[in-house]
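In: Dropping the sequence and predicted coords here.
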Amino acid sequence: MKTKAVWYPPQQAPDPELAVFTTEFAEDTDRTGKTLNKRYRLIRRIGAGATASVYEARHEKTGARLAVKVLRRDLYEPLRDFFGQEGRIAARHNCPHLIQAIDLGEVRGATYTVFNFAEGKPLRHLAGNSGPVSSTPLPWQRLCRIILQVLEALAVLHKSGIVHRDLHSSNILVDESRDDFTVVIDVGFAAVMPGRRITQAPEPTRTIYGMHSYVAPETLAGCPPDPRMDLYSVGVLMFELLTGLEMIEYGRSFGKLAVPPLRVLAPGYDIPEAVDAIVLRALSDVSMRFASAEEMAAAIRAALAEVEADAEAATRRRVLRPAAAIGLGGAVVGGLLVGGLLLATQPSTATLAAMNIASEPLSRDLQVSPPASGPPLAKLQPRVPQPSAQEPELPPTPPQEAPASSPRPTPTPPASAATTSSPTASPTMTSVSSQVVGQQARQRMQVTAEQRLIRKARRSILECNPDGALAKAAVVIKRLTDGSVDAKFNGRSVQGTFGRCVADYAKTAALGPDGVLKFLL
Ligand SMILES: Nc1ncnc2c1ncn2[C@@H]1O[C@H](COP(=O)(O)OP(=O)(O)OP(=O)(O)O)[C@@H](O)[C@H]1O
């Protein structure tokens, strides 16, 4: 019997008293060229995260290729314990899919952890995008094989009583040259489950750690760490990478959000119902989620096997068909096939109907039971390819000052994103609705180079947009004839942290002399 894709709304309301851990963005000293403890030569900085800088390094004696993570000096006090814990957790396992630490230390104000170097690029970059999610969905079989490796790493952590808590698409490195070999990194905000203990673990607090939309609803409600919280994050990862849409931050839309089947949001990508069901289950209320990483992995394996078996059966049916019958009906079958292919380039009538019904359940498969007294559920907007992605004229918007402080730098939509259907109502919806990422290769080819640039620029800028900062703005990036760039927000040069980030992006924008890029954020 096929599993139905059903989403059960989380029941715990966010606790407004809980503080979310944030860090102010700050330039970190670049230590490239230095040697730590006469052992680790820092060759180049490969990552400047929210809490640390990561360098590619060489061991002076063995020549081994390593990654050295140096804690930002200004975060020593609040994060010293977490940093030490990260090294200890990452050193005490032998799972190939979990990053391995080999040393930690402190020298002249630099607190560092040494890891084996993990080849590959962050999962979110796999489809060639720099934004928080790939705007082009990944084929589901490929993603499932990556997720199975992530679940293997999680199972190892969970068995030791550890919850990762910060799983997102930048903390998973995938090596395409080794058949998508996958490594989970950054156990820096891991938590130990009640009743378990590891040496010098930071004291439990009521602070929320993790990346906005990836944080499980029950975490926001103040529940103690539980492995199923990580499975929610895996659900968000799968949702984002299978649809190319950003998951709306649950805490901001409690009781107002319905998650429809992925096949409705990304029609044409052949997401099997079994996979759809797995993702919706991972995103459901904690009581309905998979009980463990192993259970979720088993469901994914079963889905892969089921589809393979169906495909084999279909091949067998074709092979067994009598030659005479093929000869006789060849012309008719050929005609039907052509018709079928043409039809397949459009979403099915049922899907279209589901998309258009705003006040009815999105599909018969989705049995959403809203919280008893909550407001009506809003729906994520289906991903509909736009025939022409001409950028709209930039409306004048009043200039705003971007604040200097930033939590973990990720774009998150305002609460209204969940309830509005206006394509420019929020950064998320703007980018979603103007993507011309079609379900068909034919449509994908219509995406012009300029549209690609705009999409990339928007995502990069939103990514460093401090939470709660400027959500809407008219951005104009200009390459001047002398090669320098000029970036303006609502007609003004941008300043502060956000301004620097926009300017930094602008410098990398592949614009020819006098080239101009205009778009709405
Ligand atoms: N062992 C490693 N091998 C190769 N690259 C690594 C390794 N560890 C980290 N990186 C690179 O450095 C980047 C930042 O690492 P990490 O996520 O651990 O730092 P962070 O300060 O905790 O970042 P954030 O908090 O923003 O997620 C990663 O996205 C990855 O590209």
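Out: The structure has been received and is ready for your questions. Everything numeric here is computed off the predicted structure, so don't read it as measured data.
In: Contact partners for the residue of the chain found nearest the ligand?
Out: Per Cβ to the nearest ligand atom, Gly49 is where the chain lies closest to the ligand, at 2.0 Å. All C-beta atoms are positioned from the backbone trio N, CA, C, and that covers glycine. By Cβ atoms under 8 Å, 6 or more residues apart in numbering, Gly49 lies in contact with Asp186.
In: do you know how far it is from Val70?
Out: 11 Å (Cβ to Cβ, to the nearest Å).
In: ok so, going back, separation between the residue of the chain closest to the ligand and Ala153?
Out: Gly49 is 19 Å from Ala153, by Cβ to Cβ.
In: Around the ligand, which positions in the stretch 51-200 of the chain sit nearby?
Out: With Cβ under 6 Å from any ligand atom as the criterion, the stretch 51-200 of the chain meets the ligand at residues 51-52, 54, 67, 69, 99, 115, 117-118, 122, 170-171, 185-186, 188.
In: Which one of these is nearest to Ala282?
Out: Nearest to Ala282 among these is Asn171, at 17.0 Å by Cβ to Cβ.
In: Tell me the secondary structure of the spatially closest residue to the closest one that is not a sequence neighbour, please.
Out: Leaving aside its sequence neighbours, Asn171 sits nearest to Asp186 (Cβ to Cβ, 6 or more residues apart in numbering; 4.3 Å). At Asp186 the chain is in coil, as set by DSSP: H, G, I helix; E, B strand; the rest coil.
In: Measure how buried Asp186 is and give me the count.
Out: 24 (other Cβ atoms under 10 Å).
In: In contact with it, which residues are there?
Out: Here Asp186 is in contact with Gly49, Glu86, Ile99, Asp166, Asn171 (criterion: Cβ under 8 Å, 6+ apart).
In: Farthest-apart pair in the residues of the stretch 51-200 of the chain next to the ligand, please.
Out: So, those by Cβ to Cβ: farthest apart are Thr51 and Phe117, at 19.5 Å.
In: These two: which is more packed in?
Out: Between Thr51 and Phe117, counted using other Cβ under 10 Å, the more crowded position is Thr51 (21 against 16).
In: my guess is that one meets Gly188, correct?
Out: Yes - the pair Thr51 / Gly188 is scored as a contact, 6.4 Å apart, by Cβ atoms under 8 Å.
In: and for those two, which residues touch both?
Out: Common neighbours of Thr51 and Gly188, using Cβ under 8 Å, 6+ apart, are Leu79, Phe83.
In: mind listing the helices for the stretch 101-250 of the chain?
Out: Using DSSP state H, counting those that start in this stretch, the helices of the stretch 101-250 of the chain run over 140-159, 217-220, 227-243.
In: Compute the first-to-last residue distance for stretch 5-12.
Out: The straight-line separation of the ends of stretch 5-12 (Cα to Cα, to the nearest Å) is 22 Å.
In: Quick check: mean pLDDT of it?
Out: Average pLDDT, stretch 5-12: 91.
In: What's opposite the closest residue to Asp103 other than its chain neighbours in the beta bridge?
Out: Closest residue to Asp103 apart from its sequence neighbours, by Cβ to Cβ, 6+ apart: Val114 at 4.1 Å. Counting by DSSP bridges, Val114 is bridged to Val68, Asp103.
In: Val114 is in contact with Ala57, isn't it?
Out: Yes - the pair Val114 / Ala57 is scored as a contact, 7.4 Å apart, by Cβ under 8 Å.
In: Would you state the helices of this protein in chain order?
Out: Secondary structure of the chain (DSSP state H): helices at 76-91, 140-159, 217-220, 227-243, 262-265, 273-282, 293-320, 323-344, 349-356, 427-434, 441-444, 449-463, 496-508.
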